[in-house]
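# Build the 3D model from these lines:
(one chain, ligands or ions: 1)
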Amino acid sequence: MEQQIPYKIYLDETELPKAWYNMRADMSQKPAPLLNPGTHQPLTAQELDGIFCEELVKQELNETDAWIPIPAGIRDFYKMYRPSPLVRAYCLEQQLETPAKIYYKFEGNNTSGSHKLNSAIAQAYYAKKQGLKGVTTETGAGQWGTALSMACSYFGLDCKVYMVKVSYEQKPFRREVMRVYGASVVPSPSDTTEVGRKILAEHPGTGGSLGCAISEAVEVAVKNPGYRYVLGSVLNQVLLHQSVIGLETKAALDKYGVKPDMIIGCAGGGSNLGGLIAPFMGEKLRGEADYQIIAVEPASCPSFTRGKFAYDFCDTGMICPLAKMYTLGSGFIPSPNYAGGLRFHGMSSTLSQLYHDGYMTAVSVEQTKVFEAAEQFARVEGILPAPESSHAIRVAIDEALKCKETGEAKTIVFGLTGTGYFDMVAYEKFHDGQMTDYIPTDEDLQAGFDNLPKMD
Ligand SMILES: *Cc1c(COP(=O)(O)O)cnc(C)c1O
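Okay, here's the model as predicted:
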């Protein structure tokens, strides 16, 4: 049996999932609703329609349908780069001398270099279907902006990207890829929006944050007719689209009768993790099977492990809906020398609820340890991993080493969300010994918690 498992398990085109899986349908404790920031009342579809595309609002609010068909127009695009391979990490296992069996689902096989294209193409499709002119968004490290630019150019939509200023400066090539696909890219905070001007006045010289960029992108979408705002993570709809990752993973494992013990994913806003675990969590929620599910986050932006489970703004400008989630406070900006991505202050409300209810665990890791794991992986498995993905690699290696001590042959699956070709400045810092592990103090975090909105 064991020998029959190939290095790469490919599914063919006909095995591409025909529907996304919506975990919320199987959750007895549903994630808390998004609230209007002014009235603190649950947002209605009508209110959300002003910001997001109509069909995406329906998906955002849908807590009852477990399966949502993937339109043919989206499946056709998926077919260009999916199903993605599930790789058995034989070389890594050998190097670690572990009895553990390690698999990773590789999402870096497309030009944008990450899983984000899975949701970008869905969101662009629905925007086009609604007859919109274009969409606005924010991007941090640049993967989401790149993915969205590709999706928009495919459907002939205009794409305006607000890119966190430090990334804009550190990743000029990322920016150029977006421009290849016709997007306009503005460093955030900028003076092109009211909220950007306000943030610049309060924090002159700031390198920006995802929260700032979100505020700017939302403002532009709301003020320009024919435009809507789209978001690459955190939201329920994004986790829904990303379920394609987990569905393929499960189908590939099922082919060989493999049942994982442990599923590991990095967590920024939670979309790849939510997608990877979706069908497994579904079984867990329905009481059909059990899996150990681990979210991995940076020690410098530890929303699950040190955050508060509370209603908070998704953006720094405090104009976005309130979401109940594990959060460090919308004013939290990770230390500037932190280079590993996953910088968002909050976390998907679906994953937050699942974590709160004990369906999954979380660990935080320091960035130098993450880059050590990245390099170890690159040298044996051949793929240059994104720093974000390398958080999951770190914990997969640590778990495999524990198995070496106990002699347990656990089956570990982790999400390899993308490639690191645009992260060479971070790798350079690591090589030159300039990378430090700044971990926020309790006082640093308290400042963020003090600014949580007061709920009554
Ligand atoms: C954006 C990104 C992540 C983190 O985002 P999630 O929404 O938490 O999945 C992880 N890996 C890569 C390569 C990314 O681009």
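
# got the residue ranges for the strands in the stretch 251-400 of the chain?
For the stretch 251-400 of the chain, the strands defined by DSSP state E, counting those that start in this stretch occupy 262-266, 292-298, 308-313, 322-327, 361-365.

# May I have the longest one as CSV, with CA atoms only?
Listed in CSV are the C-alpha atoms of strand 292-298, where the atom choice follows Å, rounded to 0.1, in the frame of the first residue of the first chain:
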residue,chain,number,x,y,z
GLN,A,292,-6.1,17.4,14.9
ILE,A,293,-6.2,20.8,13.2
ILE,A,294,-3.4,23.4,13.8
ALA,A,295,-3.3,27.0,12.8
VAL,A,296,0.1,28.5,12.7
GLU,A,297,0.7,32.3,13.1
PRO,A,298,3.6,34.6,13.5
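
# how's the chain carved up into domains?
Per the record, the chain has its domains at 6-71+114-229, 86-113+236-438, by automatic domain parsing.

# what's the most buried one of the ones you listed?
domain 86-113+236-438 (a mean of 22; mean count of other Cβ atoms under 10 Å). (C-beta placed from N, C-alpha, C; glycine too.)

# touching the ligand at all, it?
Yes - using Cβ under 6 Å from any ligand atom, domain 86-113+236-438 reaches the ligand at 266-273, 342, 386, 388-389, 417-418.

# could I get the strands of the stretch 251-400 of the chain as a markdown table with distance to residue 443?
As requested, the strands of the stretch 251-400 of the chain are exported to a markdown table (distance: least, Cβ to Cβ, whole Å):
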| stretch | distance to residue 443 |
| --- | --- |
| strand 262-266 | 27 |
| strand 292-298 | 19 |
| strand 308-313 | 15 |
| strand 322-327 | 17 |
| strand 361-365 | 18 |
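
# Among the residues of domain 86-113+236-438 next to the ligand, which ones are in helices?
271, 272, 273, 388, 389 (DSSP state H).

# Can you name the residues that contact the third one?
Okay, so that is residue 273. Going by Cβ atoms under 8 Å, 6 or more residues apart in numbering, residue 273 touches 265, 266, 267, 295, 351, 415.

# Show the pLDDT at it.
Looking at residue 273, its pLDDT stands at 98.

# Span of stretch 324-337 from start to end?
Stretch 324-337 has its terminal residues 29 Å apart, counting by Cα to Cα, to the nearest Å.

# just how off-centre is that stretch within its chain?
15 Å (Cα atoms, centre = their mean, to the nearest Å).

# what is the rounded mean pLDDT of that stretch?
If you average the pLDDT over stretch 324-337, you get 86.

# Give me the packing partners of the lowest-mean-pLDDT helix or strand in the chain, helices and strands only.
Lowest mean confidence among the helices and strands of the chain (mean pLDDT, DSSP states H and E): helix 165-170, at a mean of 88. Using 3 or more Cβ pairs under 8 Å, 6 or more residues apart in numbering; DSSP states H and E, the elements in contact with helix 165-170 are strand 184-188.

# how about 10 Å then?
Applying 3 or more Cβ pairs under 10 Å, 6 or more residues apart in numbering; DSSP states H and E, one finds that helix 165-170 contacts helix 143-155, strand 158-164, helix 172-180, strand 184-188, helix 210-223, helix 424-431.

# Check what pLDDT residue 319 gets.
The predicted local confidence for residue 319 is 76.

# Ok, residue 343 next?
The predicted local confidence for residue 343 is 81.

# Find the nearest non-adjacent residue to it, please.
Among residues not flanking residue 343 along the chain, residue 334 sits closest, at 5.0 Å (Cβ to Cβ, 6 or more residues apart in numbering).

# Now do the one you found against residue 164, distance only.
Residue 334 is 11 Å from residue 164, where distance means Cβ to Cβ, to the nearest Å.

# Are there residues contacting both of those two? Which ones?
209, 210, 343 (Cβ atoms under 10 Å, 6 or more residues apart in numbering).

# Low-confidence regions, the stretch 1-150 of the chain specifically.
The model of the stretch 1-150 of the chain has pLDDT under 70 over residues 1-3.

# Verify the stated contact: residue 227 with residue 133.
Yes - the criterion here is Cβ atoms under 10 Å, and residue 227 meets it with residue 133 at 6.3 Å.

# Please consider this matter closed, and thank you.
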